[in-house]
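Novice: Here is a sequence together with a model predicted from it:
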Amino acid sequence: MFAKFFLRVVWVLATVMSALVYADGTQLSYSFEPALFNAQWVGSDSEELQEARFNSGLGVSLRHELVQVAVDYKVESRLQDQGALDAQAVSQIMGATLRSDALNQFLGVDAGLDASSKVTAGGDAYRYRVRPGLTTSMKDLADLSVHYQYQLDKTAAASVAKEKRGVIMGLAGTLQGGRLSWDGAWESFNEFADRLTHTRSTDVFKFSTRYQVASELLLEMSSAVKHETRFVAADSSINSERLYRAGLAWTPSAEYSLSFKVNRLDKTRYDEQEVFGSGSLNWFPQRNLSFSLGYGDALIDGERGLLFSTKLDLDNG
């Protein structure tokens with residue numbers, strides 16, 4: 001059912017774009033990007049395998065000078081360490097982006113709309129997200145971005161649906177002719193159970209810098225602070241997390257790239273500190289084909305794990 005909906009969306013978008021081409025005679029370009037095979041291994045805090053996830057799908061991009069649309073669809077299967085695989089372990093993932101270069105040029109901003117969904121085969125669990133936003137330049141000193149995000153989550157049939165909404169504001173800029181780049185962000189979200197009961201409030205502050213030491217070597221440093229307030233009945237509790245990262249990214253040629261980071265995570269809720277490594281290895285044998293292997297935190301829905309992916313871009317130009 002979801003696959004049919006995806007095909008209908010692509011057909012409608014193609015029809016609209018074709019009408020635009022017929023109306024003004026300009027060229028329509030497109031590209032297909034199959035996600036040939038993605039494998040993800042998610043581990044527990046004790047470094048034991050919890051589950052493996054496999055997905056594949058197709059992305060479609062349609063580009064016209066008035067409207068640009070991208071839609072992607074994937075089917076994901078989850079295999080837990082007990083070896084169980086049922087209908088609930090199969091999910092369908094869909095994402096879409098919408099923007100208009102002509103409108104953005106007229107307004108002097110970079111605006112767009114992102115939407116995504118993830119639904120299990122049985123429909124008992126789902127996640128829907130909509131994120132409109134825009135980015136504007138501040139006199140060539142920095143770029144200011146503002147986004148609003150609405151998310152609706154239900155993790156299982158017996159779970160209560162949770163509504164999450166908030167704002168994301170960011171600043172980004174470059175110095176020393178582009179060799180030094182930086183960006184910072186503030187995220188503020190409120191979560192509600194059954195769309196009425198306020199259960200959680202979260203604020204996140206992020207800052208990162210990157211310095212191009214040499215043409216093939218990049219130095220990266222970042223930090224993030226998270227403050228979370230949970231509301232239970234008439235009581236509340238406040239917890240904080242701090243994450244610090246430092247690492248290097250090495251690109252010896254146009255076909256390879258390698259990165260490694262050292263991470264330190266402090267959690268006040270459990271009064272614990274943790275130091276761990278993360279990184280990635282990427283191979284680009286052709287201009288439109290890539291292979292990637294990554295390990296670290298927040299790779300897969302905020303969980304630590306191992307991620308292997310392949311991507312093929314079929315672009316008509």
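Specialist: All right, it came through fine. Numbering: from 1, shown residues only.
Novice: Can you classify G177 as helix, strand or coil?
Specialist: Classification of G177 using DSSP: H, G, I helix; E, B strand; the rest coil returns helix.
Novice: For it, which residues are in contact?
Specialist: Not one residue lies near G177 by CB atoms under 8 Å, 6 or more residues apart in numbering. No exception for glycine: its C-beta is placed from N, CA and C like everyone else's.
Novice: Excluding sequence neighbours, find me the nearest residue to R242.
Specialist: Distances taken as CB to CB, 6 or more residues apart in numbering place D266 nearest to R242, at 4.4 Å, with adjacent residues excluded.
Novice: List the contacts of that neighbour.
Specialist: Residues near D266 by CB under 8 Å, 6+ apart: 241-243, 272-273.
Novice: Tell me the helices and strands packed up against the host helix or strand of T310.
Specialist: T310 belongs to strand 303-312 when assigned by DSSP states H and E. Judged by 3 or more CB pairs under 8 Å, 6 or more residues apart in numbering; DSSP states H and E, strand 303-312 is in contact with strand 29-43, strand 289-300.
Novice: Where does the prediction get shaky in the stretch 201-317 of the chain?
Specialist: Scanning the stretch 201-317 of the chain for pLDDT under 70 picks out 297-305, 313-317.
Novice: ok, back up a step: could you list everything the residue nearest to R242 pairs with in the sheet?
Specialist: Beta-bridge partners for D266, by DSSP bridges, are R242, Q273.
Novice: For it, give its distance to S31.
Specialist: Noted for D266: a distance of 43 Å to S31, by CB to CB, to the nearest Å.
Novice: rewinding a little: most neighbours out of the contacts of D266, which is it?
Specialist: Neighbour counts for the contacts of D266, by other CB atoms under 10 Å, peak at L243, which reaches 19 neighbours.
Novice: all helices for this protein, in order.
Specialist: Under the criterion DSSP state H, helices of the chain are mapped to 2-24, 101-107.
Novice: Going by mean pLDDT, which of those comes out lowest?
Specialist: Of all these, mean pLDDT reaches its minimum on helix 2-24 (a mean of 52).
Novice: thinking again about what came up before, identify the farthest-apart pair in the contacts of D266.
Specialist: Spatial extent of these (CB to CB) is set by the pair L243 and E272 at 13.1 Å.
Novice: Okay, buried residues for stretch 180-190 please.
Specialist: 181-185, 187, 189 (16 or more other CB atoms under 10 Å).
Novice: Can I get those in JSON lines including pLDDT?
Specialist: Output for these, formatted as JSON lines (pLDDT from 0 to 100):
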{"residue": "S181", "pLDDT": "95"}
{"residue": "W182", "pLDDT": "96"}
{"residue": "D183", "pLDDT": "96"}
{"residue": "G184", "pLDDT": "97"}
{"residue": "A185", "pLDDT": "96"}
{"residue": "E187", "pLDDT": "96"}
{"residue": "F189", "pLDDT": "95"}
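Novice: Out of those residues, which sit inside strands?
Specialist: Residues of these located in strands (DSSP state E): 181-185, 187, 189.
Novice: quick check, nearest of those to A249?
Specialist: Nearest to A249 among these is S181, at 12.3 Å by CB to CB.
Novice: the strands in the stretch 51-200 of the chain, which residues?
Specialist: Secondary structure of the stretch 51-200 of the chain (DSSP state E, counting those that start in this stretch): strands at 68-80, 90-99, 110-120, 126-138, 142-154, 162-175, 180-193, 197-214.
Novice: nearest to L289, of the ones you listed?
Specialist: strand 68-80 (17.2 Å).
Novice: returning to that earlier point: kindly reformat the buried residues of stretch 180-190 as JSON lines containing distance to F106.
Specialist: Shown next, in JSON lines, are those (distance: CB to CB, whole Å):
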{"residue": "S181", "distance to F106": "28"}
{"residue": "W182", "distance to F106": "30"}
{"residue": "D183", "distance to F106": "26"}
{"residue": "G184", "distance to F106": "29"}
{"residue": "A185", "distance to F106": "27"}
{"residue": "E187", "distance to F106": "29"}
{"residue": "F189", "distance to F106": "32"}
